[in-house]
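A.B. asks: how would this look folded up:
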Amino acid sequence: MMKQLRSSHVVYWLTALMALALAGCSGSQGEGDAPPPEVTVSNPEIRTITDWDEYTGQFDAVEGVEVRARVSGYLVQSHFREGALVRRGQLLFTIDPRPFQAEVARAEADLQAALTRRDLAQADLGRAEYLLEEEAISKEEFDSRTQARRETIAAVAAAEATLRQAKLDLGFTRVTSPIAGRVGAREVTSGNLVSGSGAQSTILTTVFALDPIEFIFTADEAAYLKYRRQAREGTRPSSRDIANPVMLRLQDEEEFVHSGRMSFVDNAIDTQTGTVEGRALFDNPDGLFIPGMFGRLRLLGSGEYDAMLVPDEAILSDQSNKIVMIVDSDNVVQARPVELGRVLDDGMRVIQGGIEKGDRVITGGLMRARPGNPVTIAGDKPPPEENAKSEDDAAEMAAAQ
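C.D. replies: Next comes the predicted model:
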């Protein structure tokens, strides 16, 4: 009885092991028959685009003035709020005008004295002319009176010039803004003595014109050569000849939303930095841009051309190389090294070389695609004969049941 139990126990375990082995073989066979992974493909898009180059730079005022005293004296009053917008000719400071008013009065008196002497010399010369005709005076006396009249005329001219200078100095006691813009801080407060002696004259404040405003940036020698060759070939006009368009974004902006135009390209390359300076002009009616502010500028980098585009997510990295996966005519995956251009605003990447416009680029299911392995293209239908065979198999199974 015990032997019979052991024998049946062994048979039971042998049967179980065989079932497991058959299940393993069945699973392996199922895995071998699994279809190739499915991927999504698309052909490169051909689109007419324009390249843009980006540079970092700073804003600077088109016009900036250091407002200085032009005459020496005591500062009486300031007439502006620091940091405010001022008009051209607006009164900013007053220097004590009383000494200059007195100088104007003295110059006017000197002029009147000179005019009196001139009139007297003119009368003397008239009498001398009459007496000379009557031979009542000598020729020498007549020449002396003629010379005296000329001297008084010159004295009148000198007195008039002195009066003009005195009036000019009196006008300089009213310090006005030479340009329209935003005024800076007061450098001197009321009651202080200011100097108006040439280059050493006292700086009272500054005024910067803000509308329009310039954006200054530098480009390297390679970029300069590229632009010059494009201008020579006629594919992109030089910014020296044409106000090429530019776009700009500020530090807290993600998009290039401010439009402007090129206004200047320097005539020499800086020997220390190897760069050439460029300037762009931007309208600034609301005063958003101020001198010294940083920004990122996008400059027209080429003329229009037909570019080959693929979605940026289709680009993979293979160490230092950039590649895309394509599916050949046998539905086998191949890796193609590509030369990349810029990314467009809609997420499409410019491909400058490595693929053709008829290639099928994998854009979906990249994690399942392996170079050298077959794949199934999403949306592809099986050949007609396969469809017929599948229908026949289904019919036979139905009949057997």
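
A.B. asks: ok, residue 218 touching residue 274?
C.D. replies: No: Residue 218 is not in contact with residue 274 according to C-beta atoms under 8 Å; the separation is 9.4 Å. C-beta coordinates here come from the backbone N, C-alpha and C atoms, glycine included.

A.B. asks: between these two, who's got more neighbours?
C.D. replies: More crowded of residue 218 and residue 274, by other C-beta atoms under 10 Å: residue 218, with 18 against 12.

A.B. asks: show me what contacts that one?
C.D. replies: Residues near residue 218 by C-beta atoms under 8 Å, 6 or more residues apart in numbering: 55, 57, 270, 273, 275, 276, 277, 278.

A.B. asks: Got the phi and psi for it?
C.D. replies: phi -130, psi 140 (degrees, to the nearest 10).

A.B. asks: do residue 244 as well
C.D. replies: Dihedral angles (degrees, to the nearest 10) for residue 244: phi -60, psi 140.

A.B. asks: what's the answer for residue 50, then?
C.D. replies: Dihedral pair for residue 50: phi -130, psi 130, per degrees, to the nearest 10.

A.B. asks: Next, count neighbours for it.
C.D. replies: 13.

A.B. asks: One more: residue 71?
C.D. replies: Around residue 71 there are 21 residues (other C-beta under 10 Å).

A.B. asks: From residue 230, how far off is the residue most central in space within the chain?
C.D. replies: Centroid-nearest residue in the chain: residue 297, 3.0 Å away (criterion: C-alpha atoms, centre = their mean). Distance, residue 297 to residue 230, by C-beta to C-beta, to the nearest Å: 18 Å.

A.B. asks: swap in residue 239?
C.D. replies: Taken as C-beta to C-beta, the span from residue 239 to residue 230 is 11 Å.

A.B. asks: between those two, which one's more packed in?
C.D. replies: Neighbours were counted for residue 239 and for residue 230 using other C-beta under 10 Å; residue 239 has more, 21 against 17.

A.B. asks: Where does the more buried one sit: helix, strand or coil?
C.D. replies: With DSSP: H, G, I helix; E, B strand; the rest coil as the basis, residue 239 sits in coil.

A.B. asks: Please identify the helix or strand for the residue lying closest to it once chain neighbours are set aside.
C.D. replies: With sequence-adjacent residues excluded and distances taken as C-beta to C-beta, 6 or more residues apart in numbering, residue 239 is closest to residue 262, at 3.9 Å. Here residue 262 sits within strand 258-265, counting by DSSP states H and E.

A.B. asks: Go through that strand and flag the buried ones.
C.D. replies: For strand 258-265, burial by neighbour count (16 or more other C-beta atoms under 10 Å) applies to 258, 260, 262, 263, 265.

A.B. asks: Turn these into a markdown table, columns for distance to residue 247 and pLDDT.
C.D. replies: Formatted as a markdown table, the buried residues of strand 258-265 follow (distance: C-beta to C-beta, whole Å; pLDDT from 0 to 100):
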| residue | distance to residue 247 | pLDDT |
| --- | --- | --- |
| 258 | 7 | 93 |
| 260 | 8 | 93 |
| 262 | 12 | 91 |
| 263 | 15 | 90 |
| 265 | 18 | 91 |
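
A.B. asks: with these in mind, which one is nearest to residue 99?
C.D. replies: residue 263 (45.4 Å; C-beta to C-beta).

A.B. asks: Map the structural domains onto the sequence of the protein.
C.D. replies: Recorded structural domains for the chain (assignment: automatic domain parsing) are 38-49+306-377, 52-62+210-303, 65-195.

A.B. asks: who wins for proximity to residue 203 among the ones you listed?
C.D. replies: When the domains of the chain are compared by C-beta to C-beta, domain 65-195 sits nearest residue 203, at 5.1 Å.

A.B. asks: Next secondary structure after the lengthiest strand in the chain?
C.D. replies: In the chain, with assignment by DSSP state E, the single longest strand is strand 52-61. Following strand 52-61 in sequence order, the next helix or strand is strand 64-68 (DSSP H and E).

A.B. asks: Can I get that next one as CSV, trimmed to CA atoms?
C.D. replies: What follows is strand 64-68, C-alpha atoms only, in CSV (Å, rounded to 0.1, in the frame of the first residue of the first chain):
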residue,chain,number,x,y,z
GLY,A,64,22.5,112.4,-22.7
VAL,A,65,23.6,115.8,-21.2
GLU,A,66,25.5,116.8,-18.1
VAL,A,67,23.8,120.0,-17.1
ARG,A,68,26.6,122.4,-15.9
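
A.B. asks: what pLDDT, on average, does it get?
C.D. replies: Mean per-residue pLDDT for strand 64-68: 91.

A.B. asks: again, but for stretch 127-138
C.D. replies: The model assigns stretch 127-138 a mean pLDDT of 72.

A.B. asks: how about it as PDB, C-alpha atoms only?
C.D. replies: Provided in PDB are the C-alpha atoms of stretch 127-138 (Å, rounded to 0.1, in the frame of the first residue of the first chain):
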ATOM      1  CA  ARG A 127      32.300 170.800 -39.700                       C
ATOM      2  CA  ALA A 128      35.800 169.800 -40.700                       C
ATOM      3  CA  GLU A 129      34.600 168.900 -44.200                       C
ATOM      4  CA  TYR A 130      33.000 172.300 -44.600                       C
ATOM      5  CA  LEU A 131      36.100 174.100 -43.200                       C
ATOM      6  CA  LEU A 132      38.400 172.100 -45.500                       C
ATOM      7  CA  GLU A 133      36.400 173.300 -48.500                       C
ATOM      8  CA  GLU A 134      36.900 176.900 -47.300                       C
ATOM      9  CA  GLU A 135      40.600 176.100 -46.600                       C
ATOM     10  CA  ALA A 136      40.000 177.200 -43.000                       C
ATOM     11  CA  ILE A 137      41.700 174.100 -41.500                       C
ATOM     12  CA  SER A 138      44.700 172.000 -42.500                       C
END
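
A.B. asks: State the three-state secondary structure for residue 324.
C.D. replies: Using three-state DSSP as the criterion, the local structure at residue 324 reads strand.

A.B. asks: From residue 375, how far off is it?
C.D. replies: Counting by C-beta to C-beta, the gap from residue 324 to residue 375 is 14 Å.

A.B. asks: again with residue 154
C.D. replies: 105 Å.
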